[in-house]
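Trainee: Based on what follows, work out the 3D shape:
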Amino acid sequence: MGFFDKLFGKKEKESLDHGLQKTKEGFLSKITKAIAGKSTVDEEVLDGLEEALVGADVGIDTTVKIIDRIEKRVAKDKYVNTSELNKLLQEEIEAILVDAPEQSYKDFETPSGKKPYVIMVVGVNGVGKTTTIGKLAYNFKKAGKSVLLGAADTFRAAAVDQLSIWSDRVGVPIVKQGMGSDPGAVAFDTVQSGVAKDVDVVIIDTAGRLHNKIYLMDELSKINRVVKKIMPDAPHEVLLVLDGSTGQNALEQAKQFTAATDVTALAITKLDGTAKGGVVLAIANQFRIPVKFIGVGEKMEDLLVFNKHEFVDSLFNLEKK
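Mentor: Residues are numbered from 1 along each chain as shown. Next up, the predicted model:
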């Protein structure tokens with residue numbers, strides 16, 4: 001068991017290694033091709049590295065930033081060979097990723113003094129938002145926390161039904177009303193109930209439509225306002241869920257939601273089924289918002305607390321299959 005296994009837990013590290021397999025296979029094969037037969041990091045090597053980064057959906061802006069940093073380091077040092085390139089690249093990729101604040105999740109713990117800890121979850125339909133909420137509830141409960149769900153996506157009847165299924169599956173209570181009900185009222189009732197019942201974590205689902213940006217902004221703002229009537233410092237987290245398999249499209253969704261509300265954290269889903277895992281870097285670099293969770297599989301345990309050290313280690317680790 002290596003250092004990262006001890007830090008993260010062997011089971012979680014294996015899930016991460018496996019979940020990033022498609023991304024790292026294409027990524028590392030291109031890096032290997034770029035440096036084959038080379039003894040120094042020259043323009044040809046950097047061009048190949050740039051192609052590998054773009055191919056992993058790191059994005060042009062983030063790729064240019066990483067390449068520029070490596071060029072400066074190569075120019076600064078008298079001699080850098082290609083065997084050192086992977087180490088340089090890992091360090092620069094890790095530097096791109098945003099550090100989570102001190103009051104971050106660790107083993108699904110929540111900050112002291114915030115009870116209930118209120119998480120408002122946003123994101124378009126189809127990205128795995130409801131599934132992520134269910135997995136969050138499962139993992140918080142597994143960590144010994146009491147959890148209450150709020151079905152404030154009242155625009156779609158299916159959204160309430162899906163969240164109710166997860167409520168039953170995980171064994172946590174849910175506050176819900178009928179389709180077309182006021183989302184703010186549902187959020188208010190959920191937080192009020194969470195306070196009255198002294199639960200540890202409240203997770204509120206919200207509508208996932210982008211066809212009317214003004215309405216989306218107004219709705220999310222209203223939910224924020226009504227929640228603050230009960231807990232002035234809530235919601236403590238606004239978690240944006242993005243589908244990692246959509247690559248650069250996830251960036252556009254992030255633009256819309258960060259404009260509509262104060263997103264404080266990201267959850268990137270479906271990384272196990274894509275070679276576009278580099279989009280995590282693009283999103284983190286462009287929006288400077290910490291990634292808190294990543295989804296690397298279908299099981300409830302496959303929602304992992306994100307740690308940039310382990311992410312980069314898994315990205316460059318071909319030994320784990």
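Trainee: Run through the stretch 1-150 of the chain and note the low-pLDDT ranges.
Mentor: 1-9, 78-79, 100-106 (pLDDT under 70).
Trainee: run the last query once more with 90
Mentor: 1-62, 70-113, 124-128 (pLDDT under 90).
Trainee: Tell me where it has strands.
Mentor: 117-122, 147-151 (DSSP state E, counting those that start in this stretch).
Trainee: could you give the angle of the helix or strand just after the shortest one to strand 147-151?
Mentor: Translated: strand 147-151. Downstream of strand 147-151, the first helix or strand assigned by DSSP states H and E is helix 157-170. In terms of direction (axes from the mean of the first three to the mean of the last three Cα atoms, to 10 degrees), helix 157-170 departs from strand 147-151 by 170 degrees.
Trainee: ok now helix 157-170, how far from the chain's centre?
Mentor: Its chain's average C-alpha position is 22 Å from that of helix 157-170, according to Cα atoms, centre = their mean, to the nearest Å.
Trainee: Show me what counts as buried in it.
Mentor: 159-160, 162-163, 166-167, 170 (16 or more other Cβ atoms under 10 Å). Every residue, glycine included, has its C-beta placed from N, CA and C.
Trainee: Please export the alpha-carbon coordinates of stretch 174-183; PDB is fine.
Mentor: The C-alpha trace of stretch 174-183 is given here as PDB (Å, rounded to 0.1, in the frame of the first residue of the first chain):
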ATOM      1  CA  ILE A 174     -37.700  13.600   2.300                       C
ATOM      2  CA  VAL A 175     -39.700  16.800   2.200                       C
ATOM      3  CA  LYS A 176     -41.800  17.100  -0.900                       C
ATOM      4  CA  GLN A 177     -44.900  18.600  -2.400                       C
ATOM      5  CA  GLY A 178     -46.700  18.100  -5.700                       C
ATOM      6  CA  MET A 179     -45.600  19.100  -9.200                       C
ATOM      7  CA  GLY A 180     -45.800  22.800  -9.800                       C
ATOM      8  CA  SER A 181     -45.500  23.700  -6.100                       C
ATOM      9  CA  ASP A 182     -43.400  26.700  -5.100                       C
ATOM     10  CA  PRO A 183     -39.700  25.500  -5.000                       C
END
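Trainee: Now tell me what touches it from outside.
Mentor: For stretch 174-183, the external contacting residues (Cβ atoms under 8 Å, 6 or more residues apart in numbering) are 148-157, 160, 163-164, 167, 185-186, 189-190, 193, 206-207, 219, 222-223.
Trainee: tell me the centre residue of this protein?
Mentor: With distances taken as Cα atoms, centre = their mean, the residue of the chain nearest its centroid is A267 (2.3 Å).
Trainee: I figured that one hits V296, correct?
Mentor: No. Counting by Cβ atoms under 8 Å, no contact exists between A267 and V296, whose distance comes to 11.7 Å.
Trainee: can you list the strands of the stretch 1-150 of the chain in TSV and add distance to K13 and mean neighbour count?
Mentor: Below are those laid out as TSV (distance: least, Cβ to Cβ, whole Å; neighbours: other Cβ atoms under 10 Å):
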stretch	distance to K13	mean neighbour count
strand 117-122	25	26
strand 147-151	26	27
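Trainee: With respect to P235, which of those strands lies nearest?
Mentor: In terms of Cβ to Cβ, the element of these nearest to P235 is strand 117-122, at 4.1 Å.
Trainee: Distance from that closest one to the middle of the chain?
Mentor: Centre to centre, stretch against its chain (Cα atoms, centre = their mean), the figure for strand 117-122 is 14 Å.
Trainee: least trustworthy position among the buried residues of helix 157-170, going by pLDDT?
Mentor: Lowest in pLDDT among the buried residues of helix 157-170 is A159, which has 88.
Trainee: you'd agree that residue is up against D153?
Mentor: Yes. Judged on Cβ under 8 Å, A159 makes contact with D153 at a distance of 3.9 Å.
Trainee: For the stretch 201-321 of the chain, which segments are assigned as strands?
Mentor: Using DSSP E, counting those that start in this stretch, strands in the stretch 201-321 of the chain cover 201-205, 237-243, 265-269, 291-295, 303-305.
Trainee: Within the sheet, what are the partner strands of the shortest one, with directions?
Mentor: In other words, strand 303-305. The pairing partners recorded for strand 303-305 under DSSP bridges are strand 291-295 (antiparallel).
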